[in-house]
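> My questions are about this predicted structure, shown below with the sequence.
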Amino acid sequence: MSATILVVDDEESIRTSLAGILEDEGYRTLFAVDGVEALSVVQQEMPALVLLDIWMPRMDGMETLQKLKELYPVLTVIMMSGHGTIETAVKSTKMGAYDFVEKPLSLEKVLLSVNNAIGMSRLKEENDSLRSIVLRDHEMIGASPLMKQLAEHIKLVAPTNASVLITGENGTGKELVARSIHYDSQRRDKPFIEINCAAIPEELIESELFGHERGAFTGAVAQKKGKFDLADGGTIFLDEIGDMSLKTQAKVLRILQERKFERVGGTKTVEVDVRVVAATNKVLEDEIKAGNFREDLFYRLNVVPFKVPSLRERSDDIPLLIEHFLDTFCQREGRERKMFMPEAVELMKRYDWPGNVRELKNIIERLVIMTPGRTITVNQIPDYIGAGEATREMGGSKPGSALELSSLREAREEFEKEFIIQKLEEHDWNISKTAESIELERSNLHRKIKSYGIDLKK
Ligand SMILES: Nc1ncnc2c1ncn2[C@@H]1O[C@H](COP(=O)(O)OP(=O)(O)OP(=O)(O)O)[C@@H](O)[C@H]1O
């Protein structure tokens, strides 16, 4: 879609010539003869950019700029200044104008400034939307006391430069904690560089982390920057640090102590300002005893220890996580929003989740793709999730069924709710048709839908 530009000038010849070149470039143009008119056009049409003359009757350019910036702080404005108003034009950039062009206008200069401004605002929009996707993807969900404590801990430590060691089982969210520490710190606009020490062969890790000089080894045809170079000013996340060799550990220790290192095959010392955040699912104290991990590095990293709780320890978060991942995957797959039946949620809460949040996330993704209807019941949940309990407590029947509820009333309500949802689904969520098929008054069905909190939006 072509961007719309508002030209504000009291001279008709200027308006016409600007319209000509801007439209040739593919922009849509609007006009106003003075500031008062400009304000009303902006309010109605919200252009991408305003070209604003300084000297105009009624309301001049500076006053108009001030009003526009008050009302629409992100609107891009380029000032056009006549002879003798250059100083004012310079002042206008301090008031938030993007640029100014001098009169008599060089049409080339106008176009250059307009194209730059439009390019900038497109980049900014793109950047904002990518940023919100990234932030959403890395949102940490959890309201349990353990997660609240973790969040508070992050808020306290993030703004400092302290090194951090994050421990916890696989899939508990250690990387998310590392990212939150970065995004809550002053370094948020600088890089967050991640490296999985277990995924890179021992002989390559040094050059990955510290880079190498040309000719350092066969195949090193050019100098290459390492992750520590790339993370300068930002944060480096050393995942699975328990798998790092002793030699590499020594180099990382030196960076923590002196902020210095040498590239592989090089003699030049490189200085960097990098915050180190490390994670492991190993018990490093045991690795120290076994001679696999340097004790001094451990103490350097462990200044502020973070322990991410397993999902078993905070099963109260499971319903929230289910909702969050249902939102994410239904949206991503363009599916209608699905919902979990209460007893299916209960079943998920009682499972012990050896793969933690990652395992839960994968199951929800699969359920969103594989479930044709709108509701997810215990029957759709993979058997192994309820298997232990099924044989232990229920004599083989699925746990979470009405049999498990303590009172007859609860059991009846549970059944009624599920029955109504299934019937609504069969009738495409049409209330009249559903009411007729189950031989219930329409108003009565409405009441039940409301009292069970059944979500009617598709
Ligand atoms: N609290 C949470 N809220 C939302 N998503 C989460 C949460 N915790 C983990 N996840 C998601 O679960 C997945 C695994 O998390 P992450 O990679 O951070 O775990 P990890 O502890 O670093 O795992 P590993 O030890 O295997 O490297 C990711 O997709 C992450 O987005």
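Perfect, thanks for sending it. On a predicted model such as this, the values are computed, not experimentally measured, just so you know.

> closest point of the stretch 101-250 of the chain to the ligand, which residue?
Taking Cβ to the nearest ligand atom, the ligand has its nearest neighbour within the stretch 101-250 of the chain at Gly173, 2.7 Å off. The C-beta positions use only the backbone N, C-alpha and C, and glycine is treated the same way.

> again with the stretch 201-350 of the chain
Asn281 (5.0 Å).

> what separates the residue of the stretch 101-250 of the chain closest to the ligand from Ile154, distance-wise?
11 Å (Cβ to Cβ, to the nearest Å).

> Now for the two: what residues contact both?
Common neighbours of Gly173 and Ile154 (criterion: Cβ atoms under 8 Å, 6 or more residues apart in numbering): none identified.

> Looking at those two, which has the bigger crowd around it?
Neighbours were counted for Gly173 and for Ile154 using other Cβ atoms under 10 Å; Gly173 has more, 23 against 20.

> Could you pull up the contacting residues of that one?
So Gly173 contacts 140, 308, 356-357 (Cβ under 8 Å, 6+ apart).

> can you tell if stretch 347-357 touches the ligand?
Yes - Stretch 347-357 comes into contact with the ligand (Cβ under 6 Å from any ligand atom), by way of Val357.

> Show me what counts as buried in that stretch.
347-349, 351, 353, 356-357 (16 or more other Cβ atoms under 10 Å).

> Was I right to think Leu424 contacts Lys448?
No - between Leu424 and Lys448 there is no contact under Cβ atoms under 8 Å: 10.6 Å.

> Output the contacting helices and strands for the host helix or strand of Phe100.
Element membership for Phe100 (DSSP states H and E) is strand 99-102. Secondary-structure packing of strand 99-102 (3 or more Cβ pairs under 8 Å, 6 or more residues apart in numbering; DSSP states H and E): strand 76-81, helix 86-94, helix 107-137.

> remind me which residues of the stretch 51-200 of the chain are low pLDDT?
By pLDDT under 70, the low-scoring segments of the stretch 51-200 of the chain are 83-84.

> for the ligand, what are the nearby residues on it?
140-142, 168, 170-176.

> hang on, the earlier thing: who does the strand holding Phe100 pair up with?
strand 76-81 (parallel) (DSSP bridges).

> how much does the partner strand deviate in direction from helix 107-137?
With axes from the mean of the first three to the mean of the last three Cα atoms, to 10 degrees applied, the angle from strand 76-81 to helix 107-137 works out at 160 degrees.

> just checking, Gly171 touches Arg358?
Yes - counting by Cβ under 8 Å, Gly171 does reach Arg358; the two are 3.1 Å apart.

> Those two: which has the busier surroundings?
Gly171 (21 against 14).

> Let me know the secondary structure of that one.
Secondary structure, DSSP: H, G, I helix; E, B strand; the rest coil: Gly171 is coil.

> Numbering from 132 from now on, please.
With 132 as the first residue, the last one maps to Gly302.

> Could I get the CA-only coordinates of the stretch of helix or strand Lys564 belongs to as CSV?
Taking DSSP H and E as the definition, one finds Lys564 inside helix 562-568. What follows is helix 562-568, C-alpha atoms only, in CSV (Å, rounded to 0.1, in the frame of the first residue of the first chain):
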residue,chain,number,x,y,z
ILE,A,562,-28.0,-22.1,20.5
SER,A,563,-31.6,-22.4,19.1
LYS,A,564,-30.7,-25.6,17.2
THR,A,565,-28.8,-27.1,20.2
ALA,A,566,-31.7,-26.3,22.6
GLU,A,567,-34.2,-28.0,20.2
SER,A,568,-32.0,-31.1,19.8
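
> Run the chain-centre distance for that helix.
In terms of Cα atoms, centre = their mean, to the nearest Å, the centre of helix 562-568 is set 42 Å apart from its chain centre.

> do the same with stretch 549-565
36 Å.

> Buried residues of it, list them for me.
Those would be 549, 551-552, 554-555, 560, 565, for stretch 549-565 by 16+ other Cβ under 10 Å.

> ditto for stretch 269-277
Going by neighbour count (16+ other Cβ under 10 Å), the buried part of stretch 269-277 is 269, 273, 275, 277.

> before we move on, what about stretch 427-443?
428-429, 431-433, 435, 437, 439-442.

> Narrow those residues to those in helices?
With DSSP state H as the criterion, helices contain 428-429, 431-432 from among those.

> ok, and which of these reach the ligand?
With Cβ under 6 Å from any ligand atom as the criterion, those include none near the ligand.

> now for the residues you listed, which pair is the farthest apart?
Between any two of these, the greatest separation by Cβ to Cβ is 7.3 Å, found for Phe429 and Arg431.

> can you tell me which residues contact the spatially closest residue to Glu393 that is not a sequence neighbour?
Closest residue to Glu393 apart from its sequence neighbours, by Cβ to Cβ, 6 or more residues apart in numbering: Thr400 at 5.7 Å. By Cβ under 8 Å, 6+ apart, Thr400 lies in contact with 391-393.

> got the residue ranges for the helices in the stretch 432-581 of the chain?
Using DSSP state H, counting those that start in this stretch, the helices of the stretch 432-581 of the chain run over 449-464, 473-481, 487-501, 514-524, 539-557, 562-568, 573-582.

> list the buried ones in the first one?
In terms of neighbour count (16+ other Cβ under 10 Å), helix 449-464 has its buried residues at 449-450, 452-457, 459-461.

> how about these in JSON lines, adding pLDDT and distance to the ligand?
Formatted as JSON lines, these follow (pLDDT from 0 to 100; distance: Cβ to the nearest ligand atom, whole Å):
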{"residue": "Ile449", "pLDDT": "96", "distance to the ligand": "11"}
{"residue": "Pro450", "pLDDT": "96", "distance to the ligand": "13"}
{"residue": "Leu452", "pLDDT": "96", "distance to the ligand": "6"}
{"residue": "Ile453", "pLDDT": "96", "distance to the ligand": "11"}
{"residue": "Glu454", "pLDDT": "94", "distance to the ligand": "11"}
{"residue": "His455", "pLDDT": "94", "distance to the ligand": "6"}
{"residue": "Phe456", "pLDDT": "94", "distance to the ligand": "8"}
{"residue": "Leu457", "pLDDT": "94", "distance to the ligand": "12"}
{"residue": "Thr459", "pLDDT": "90", "distance to the ligand": "9"}
{"residue": "Phe460", "pLDDT": "91", "distance to the ligand": "12"}
{"residue": "Cys461", "pLDDT": "91", "distance to the ligand": "16"}
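
> which among these gets closest to Ala220?
Checking these against Ala220 with Cβ to Cβ, the nearest one is Thr459 at 48.3 Å.
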